[in-house]
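Chemist: sequence and computational prediction follow.
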Amino acid sequence: AAQLNELTKKAGKLYFGTATDNGELSNTTYRKILDDTNEFGQLTPANGMKWEYVEPELGVFNFSDGSVVANLATKNRQILRCHNLVWHSQLADWVTADTWNKENLTAALIQHVTREASHWAGQCYAWDVVNEALNDDGTFRNDTFYNVLGQEYIKIAFEAAAAADPWAKLYYNDYNIEYAGPKSIAAQNNIVKYLKKSGVRIDGVGLQSHFIVGETPSQDDQVANMEAFTNLGVDVAITELDIRLDLPANQSNLAQQSLDYQATVGACLQVKGCVGITVWDFYDPFSWVPGVFTGQGAADLWFGNFTRHPAYYGVIDVL
Ligand code: XIL
């Protein structure tokens, strides 16, 4: 039967992909699906490229975790999305613990982005340069970078990434920017337009798309929002799609989940500047959802017994 990436490419997109993680790769049934490029044409490391692993001490770099998925993508000839260079979470303790001034934090930020992006330069189709910089009301998140450097830190990060990896598409990535509202407006104005006005390269906006069954924005709303970004001259991508439900899964919530996946994938298909779709892993036991959202789960396309969700067939239907 026709599969996810195969059909997505026939529909004119670059890839249908998935996040994966080092500890998952020894599961042989999982691996058969992950390595099947008709199913997945793109990989994102779910953790290994994050700051706490890459630069655990100031100036001490370790690329071994991140290279596991990067090298697998190369071996399988899958597109690699690199995730991420700057984020308030899973940040090394030394960044949050130290007291900084503008000068020394700028230097540390530039060093981090430069060393990390240079290391995988040429291997990444895209980099999530800055992840989750905004609050839901559209203001900037008060993390160490914003507190010390203000909005400038966005510019500093993208400039350093552009210099270190001229081949990678440079993305801003966030959640709750998949539909109209103050956060999406802020991403348009204070990230995309701000960088472009400053003459700094930004190529795309990643719509994480961690949705909830029955509360997923409609296809039309998602299309309109994607176009608000693409009209600014950037690509969009669905970067972390999963759609969680209140456990247990049953016929009715799984049927709604299928409709919600269809609306989301369908929106990307409708928008020329939407380059591809990535699910935030495909196998329920490896999903981050149950660990973070109590009582919720079954957010992925494969159940624990490796049968497929109705949503898998729903997605195949719209592709
Ligand atoms: C998650 C990973 O999947 C988990 O394994 C980890 O414990 C926490 O982070 N938004 C992001 C991703 O940009 O990096 C997060 O990934 C999920 C939310």
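Modeler: Received it, and whenever you're ready, just let me know what you need. Residues are numbered from 1 along each chain as shown.
Chemist: going by C-alpha atoms from here, please, whenever you check contacts or count neighbours.
Modeler: Will do.
Chemist: which helix or strand contains A163?
Modeler: A163 belongs to helix 152-164 when elements are defined using DSSP states H and E.
Chemist: from the contact counts, what lies against that helix?
Modeler: Contacts defined by 3 or more Cα pairs under 8 Å, 6 or more residues apart in numbering; DSSP states H and E place helix 152-164 against helix 102-119, strand 126-131, strand 169-174.
Chemist: which of those has the highest mean neighbour count?
Modeler: Mean neighbour count (mean count of other Cα atoms under 10 Å) peaks for strand 169-174 among the helices and strands packed on helix 152-164, with a mean of 26.
Chemist: what angle separates that one from helix 152-164?
Modeler: 150 degrees (axes from the mean of the first three to the mean of the last three Cα atoms, to 10 degrees).
Chemist: strand 169-174 vs the ligand: in contact?
Modeler: No: on the criterion Cα under 6 Å from any ligand atom, strand 169-174 is out of touch with the ligand, staying 7.0 Å away.
Chemist: so what are the sheet partners of that strand and their directions?
Modeler: Next to strand 169-174 in the sheet, as set by DSSP bridges, lie strand 126-131 (parallel), strand 204-207 (parallel).
Chemist: how far does the first one sit from the chain's center?
Modeler: Translated: strand 126-131. 8 Å (Cα atoms, centre = their mean, to the nearest Å).
Chemist: export it as PDB, just CAs?
Modeler: Output of strand 126-131 as PDB, limited to C-alpha atoms (Å, rounded to 0.1, in the frame of the first residue of the first chain):
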ATOM      1  CA  ALA A 126      16.900  23.200   8.300                       C
ATOM      2  CA  TRP A 127      17.900  24.400  11.700                       C
ATOM      3  CA  ASP A 128      15.400  25.400  14.400                       C
ATOM      4  CA  VAL A 129      17.600  28.400  15.300                       C
ATOM      5  CA  VAL A 130      15.300  29.700  18.100                       C
ATOM      6  CA  ASN A 131      12.700  27.600  19.700                       C
END
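Chemist: about what we covered before: Serialize the helices and strands packed on helix 152-164 to JSON lines and add fields for mean pLDDT.
Modeler: Listed next are those as JSON lines, based on pLDDT from 0 to 100:
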{"stretch": "helix 102-119", "mean pLDDT": "98"}
{"stretch": "strand 126-131", "mean pLDDT": "99"}
{"stretch": "strand 169-174", "mean pLDDT": "99"}
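Chemist: quick one: which of those is nearest E24?
Modeler: strand 126-131 (22.2 Å; Cα to Cα).
Chemist: now the angle from the closest one to helix 102-119?
Modeler: 160 degrees.
Chemist: what does strand 126-131 contact?
Modeler: 80-88, 154, 157-158, 161, 168-174, 206 (Cα atoms under 8 Å, 6 or more residues apart in numbering).
Chemist: for stretch 106-116, same thing?
Modeler: 54-55, 58-59, 85-86, 149, 153, 156-157, 160-161, 163-164.
Chemist: now those residues in CSV, with distance to the ligand, neighbour count and pLDDT?
Modeler: Rendered in CSV, the data for the contacts of stretch 106-116 read as follows (distance: Cα to the nearest ligand atom, whole Å; neighbours: other Cα atoms under 10 Å; pLDDT from 0 to 100):
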residue, distance to the ligand, neighbour count, pLDDT
V54, 14, 23, 98
E55, 16, 21, 98
L58, 21, 13, 97
G59, 22, 12, 98
L85, 11, 24, 98
V86, 10, 24, 98
L149, 22, 18, 98
Y153, 18, 21, 98
I156, 20, 18, 98
A157, 17, 22, 99
A160, 20, 21, 99
A161, 18, 29, 99
A163, 23, 14, 98
A164, 22, 20, 98
